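S.K.: structure for the following, please:
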Amino acid sequence: MVLEGLHPQRDDAGLQLEQSLRLEAGEQEVAESRSLAQHNIELRRLLDEEQAAYKRKLQAYQEGQQRQAQLVQKLQAKVGQLLKKETELEQERLTEESPNELENALIRLEEEQQRSCSLVQVNSMLREQLEQANVANAALSEDIRKLTADWARARGELEQREAQWRREEESFNTYFSNEHGRLLTLWRQAVAFRRHFGQLRAATERSVGRRGAGMGWQDKGSPFSYPPFPLQRSGGAGAGGEPSPSLLGTISSRLAELTAALQQLRKEGGEKERAVQALTAQLQKMVSVCRCVRCTLHTKAGATCDAQRTPGTLHAGCFAGSLSCSGAVSRGGAGIACRAGAAAPDAAGHHPGAPHSQHYQPLRASVSPPAAMMLSLSLAGSAG
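M.R.: Residues are numbered from 1 along each chain as shown. Predicted structure coming up:
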């Protein structure tokens, strides 16, 4: 009678578990999509700003070079005019006979010569500056070419990684939805079996009460407790109410099946735990690789790596975030817990991204009917 009163509470618990699993799966997908979009936008914005800054510098150097070239041309024209004027003055000096005019012409000639010397010095200095500007301009052009090539290569790698992470994310979502559906199916089977088991136990207790005979049985080596089996008199049973050999054989075979199912369930749980540990280690390696790649790109571009300023975050280029997933099978039932760590802008390595579907092949072991029966019996025993 107590078990009949607990059935509605168990059904409500099953429905609440199903709703919570669906909500968690939806929130994880939304968080991963937003994180990936923010990483892409931030990386593209940084690359566009760097390219625009280098273009502005190159344009400023080119304009300065043009101005210096124009100034040199003007100075050369001025020197030519001075030389021409000097020649004219010499001719005037030769043609003039007046001593005063000759002295004045010599004075003017000396002044013009001094001015010409100063202009020649200025011209040579400007030529040196122009050569230095040309060298600097060539170096900047080479740097811009290298940066453009590095940027294109990094962008291609980023697009490839993004496509790979998207494929892995789709495979992971497919796998997780399949696992979610399988878990819900197993839970429904467990609830139905538990309800049927309660009804069978209540009918057995009523039958035993009416007949006035019963037998209690419990496996001391197992963590589960089982209800008593109905004892019915058969043609070969003795007059003292002892169970028949066929009933004892049925009990022994059922005990062997339940023990084998328990061992199988524990074995599957151990395999899944080992697979989850291996996936976690592989994900950490991928995050480390993504950080190293991003730091290398920032070093080539002459920028400071964000990881040195904020050592607890990920780079903006390694979106994919990082993703950590842990699955565990408890001894009293089956459960899967997954948490998606939204990659903060620091750069992670696939990543972000989600693990590939082939990594989850060891987790796709189907639960056998004896294992499902053992799971239902354990739930019924713990709730009782």
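
S.K.: burial of residue 158, as a residue count?
M.R.: 21 (other CB atoms under 10 Å). For the C-beta atoms, the positions are set from N, CA and C on the backbone; glycine is no exception.

S.K.: that one contacts residue 43, correct?
M.R.: Yes: using CB atoms under 8 Å, residue 158 is in contact with residue 43, at 6.9 Å.

S.K.: show me where the protein has its strands.
M.R.: 324-328, 335-339 (DSSP state E).

S.K.: could I have stretch 58-76 exported to CSV, CA atoms only?
M.R.: Taking C-alpha atoms only, stretch 58-76 is exported to CSV below (Å, rounded to 0.1, in the frame of the first residue of the first chain):
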residue,chain,number,x,y,z
LEU,A,58,52.3,54.0,-45.8
GLN,A,59,50.3,56.8,-47.3
ALA,A,60,51.9,59.3,-44.9
TYR,A,61,55.4,58.1,-45.9
GLN,A,62,54.5,58.3,-49.6
GLU,A,63,53.2,61.9,-49.3
GLY,A,64,56.3,63.0,-47.4
GLN,A,65,58.5,61.4,-50.1
GLN,A,66,56.6,63.4,-52.8
ARG,A,67,57.0,66.6,-50.9
GLN,A,68,60.7,66.1,-50.5
ALA,A,69,61.0,65.3,-54.2
GLN,A,70,59.2,68.5,-55.1
LEU,A,71,61.5,70.5,-52.7
VAL,A,72,64.6,69.0,-54.3
GLN,A,73,63.4,69.9,-57.7
LYS,A,74,62.7,73.5,-56.6
LEU,A,75,66.2,73.7,-55.1
GLN,A,76,67.8,72.4,-58.3
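
S.K.: what comes up buried for it?
M.R.: Neighbour-count burial for stretch 58-76 flags 61, 65, 68, 72, 75 (criterion: 16 or more other CB atoms under 10 Å).

S.K.: just stretch 153-168 next, same as before
M.R.: Buried-residue list, stretch 153-168, by 16+ other CB under 10 Å: 154, 158, 161, 162, 165, 168.

S.K.: what pLDDT does residue 257 get?
M.R.: On the pLDDT scale, residue 257 is placed at 80.

S.K.: how many neighbours does residue 48 have?
M.R.: By other CB under 10 Å, the residues close to residue 48 number 11.

S.K.: in helices, which of the buried residues of stretch 153-168 fall?
M.R.: Counted as lying in helices by DSSP state H, out of the buried residues of stretch 153-168, are 154, 158, 161, 162, 165, 168.

S.K.: coming back round to it: now the buried residues of stretch 153-168 in TSV, with pLDDT and distance to residue 85?
M.R.: Compiled in TSV, those are given as follows (pLDDT from 0 to 100; distance: CB to CB, whole Å):
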residue	pLDDT	distance to residue 85
154	90	61
158	89	66
161	90	71
162	89	71
165	89	76
168	88	81
